[in-house]
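1. Structure for this input, please:
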Amino acid sequence: MDMSTDVTSAAQPFTPALIQLIWLASPALPIGGFSYSEGLEAAIDHGFVHDEHSAANWLVDQLHLTQSRGDMAVLGHMVIAWQTHDHTRLEALSQWVHATRESAELRLQSEQMGRSMLEWLRNQNAIDGDTIAVCNRWVPTYPLMFALALSRTGASLEQCLQAYAFGWAENMVQAAIKSVPLGQNSGQRILTQLAQHIAPAVKHALQVNDESRQAFSPMLAILSAQHETQYSRLFRS
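-> Numbers count the residues shown, from 1 in each chain. Down below sits the predicted model:
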């Protein structure tokens, strides 16, 4: 008896939610996240981050102070808006994202990764022409496009934000490994610390509403602006 399996014919007509979340969180997703350090490289240049301990503290603070209160919160709101086809709400949230990119580099990152995410979704045949047209009403920022991808996984909102947060953490740890520099074991220890903070960060993000959502991180904005003219750089932000 021929026990070989035709992978194409045996494939399920859908991808389970967990696998979709792992896929979206992967640094291998071709959207350019590896090109950015989100101010970390500038913090290293100024001596704020210089070893494993200071890198871990910097990233944990960034997770709670900027991601949880800002991008993760707006991402959750965007997922719901995509699922309910609330385009008016999506436009307002998209405008908030643009208003909170406080440097040219952060704006470039958001827009470049958003365009790449939209192109990835299109190449995966994950969205139809009408959805693409909706996306192109606004500049497709990364939070807006990532929320669109998350909204189609069937996962809970909590799981969606956990996947986003872990993907962000893994990218940032890789940036720290390259630019501090650190060894792989140091990177894994930092990632362990970040992973322990993801659940409370997500819990906080889910409680944030339009009035409490914020993007107040002046030191990060200053470092990002200074990074634009930094003498030696590995990353685009």
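
2. What segments of the chain are strands?
-> Counting by DSSP state E, no segments of the chain form strands.

3. which residues of it score low on pLDDT?
-> Low-confidence segments of the chain, defined by pLDDT under 70: 1-13.

4. Please repeat the previous calculation with a cut-off of 80.
-> Where the chain drops to pLDDT under 80, the residues are 1-14, 231-233, 236-237.

5. what's the distance between Glu41 and Trp96?
-> As judged by C-beta to C-beta, to the nearest Å, Glu41 and Trp96 stand 26 Å apart. (C-beta placed from N, C-alpha, C; glycine too.)

6. actually Leu29, not the one I wrote
-> 24 Å.

7. So Glu41 and Trp96 - more neighbours on which side?
-> Taking neighbours as other C-beta atoms under 10 Å, Glu41 and Trp96 compare with Glu41 leading, 26 against 18.

8. Span of stretch 75-94 from start to end?
-> 10 Å (C-alpha to C-alpha, to the nearest Å).

9. distance between it and the chain's centre?
-> In this view, stretch 75-94 has its centroid 17 Å away from the chain centroid, taken as C-alpha atoms, centre = their mean, to the nearest Å.

10. same check, this time on stretch 29-40
-> 9 Å.

11. Which residues in that stretch does the neighbour count mark as buried?
-> Leu29, Ile31, Gly33, Phe34, Tyr36, Ser37, Glu38, Gly39, Leu40 (16 or more other C-beta atoms under 10 Å).

12. Report the two of these separated the most.
-> Comparing all pairs in those by C-beta to C-beta, the longest separation belongs to Leu29 and Gly39, at 21.5 Å.
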